[in-house]
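Asker: Structure here, sequence nowhere to be found:
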């Protein structure tokens, strides 16, 4: 049994707990990128998970229009948000979390809570490491 445990830690499927570790890595990379977490949480907090592009842009400091557009497209492709185009002049577009996107809120809030609780300790470790 000990050998099985030693060998399993080299098996990516064992480490991530899913038969397709590449799929897990890809989705974690997408959802955990610099802007996706902030965008999902912002959508959740604005207007019952629905907002216009300009509202999102104004609510997320530092995000460029290009990066916001790319992040929205990626999240739409992954089924986490929906985009609705209203046939008006000028056209109005609103973005909304899907049920799948809403299912990420609790884990993301848990991650934010962890960062809030542990930031000072992480910062101290970084300072200590950098001073070596």
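Answerer: Looks like it arrived, so ask away. The structure displayed is predicted, hence computed values, not measured ones.
Asker: Every contact and neighbour count from this point should use C-alpha atoms.
Answerer: Will do.
Asker: buried residues in the longest helix along the chain?
Answerer: Longest among the helix segments of the chain by residue count, using DSSP state H, is helix 105-130. By 16 or more other Cα atoms under 10 Å, the buried positions in helix 105-130 come out as residue 108.
Asker: ok, now stretch 38-48?
Answerer: Neighbour-count burial for stretch 38-48 [16+ other Cα under 10 Å]: 38, 39, 40, 41, 42, 43, 44.
Asker: Can you show me the helices along the chain?
Answerer: Under DSSP H, the chain gives helices at 2-8, 12-16, 21-31, 36-45, 53-59, 65-77, 99-102, 105-130.
Asker: Need those helices in a markdown table (columns: distance to residue 84 and mean pLDDT).
Answerer: Putting those into a markdown table (distance: least, Cα to Cα, whole Å; pLDDT from 0 to 100) gives the following:
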| stretch | distance to residue 84 | mean pLDDT |
| --- | --- | --- |
| helix 2-8 | 45 | 51 |
| helix 12-16 | 35 | 67 |
| helix 21-31 | 21 | 81 |
| helix 36-45 | 14 | 93 |
| helix 53-59 | 11 | 93 |
| helix 65-77 | 11 | 96 |
| helix 99-102 | 15 | 94 |
| helix 105-130 | 21 | 95 |
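Asker: which one of those lies closest to residue 86?
Answerer: Residue 86 lies closest, by Cα to Cα, to one member of the helices of the chain: helix 53-59, at 13.0 Å.
Asker: domain ranges for this protein?
Answerer: Per automatic domain parsing, the structural domains of the chain span 1-31, 34-130.
Asker: quick one, which of those is packed in tightest?
Answerer: Ranked by mean neighbour count under mean count of other Cα atoms under 10 Å, those are led by domain 34-130, which reaches a mean of 14.
Asker: coming back round to it: tell me what angle the longest helix of the chain forms with helix 36-45.
Answerer: 140 degrees (axes from the mean of the first three to the mean of the last three Cα atoms, to 10 degrees).
Asker: what angle separates helix 105-130 from helix 21-31?
Answerer: Using the same axes, to 10 degrees: helix 105-130 against helix 21-31 is 90 degrees.
Asker: Appreciated, that's everything.
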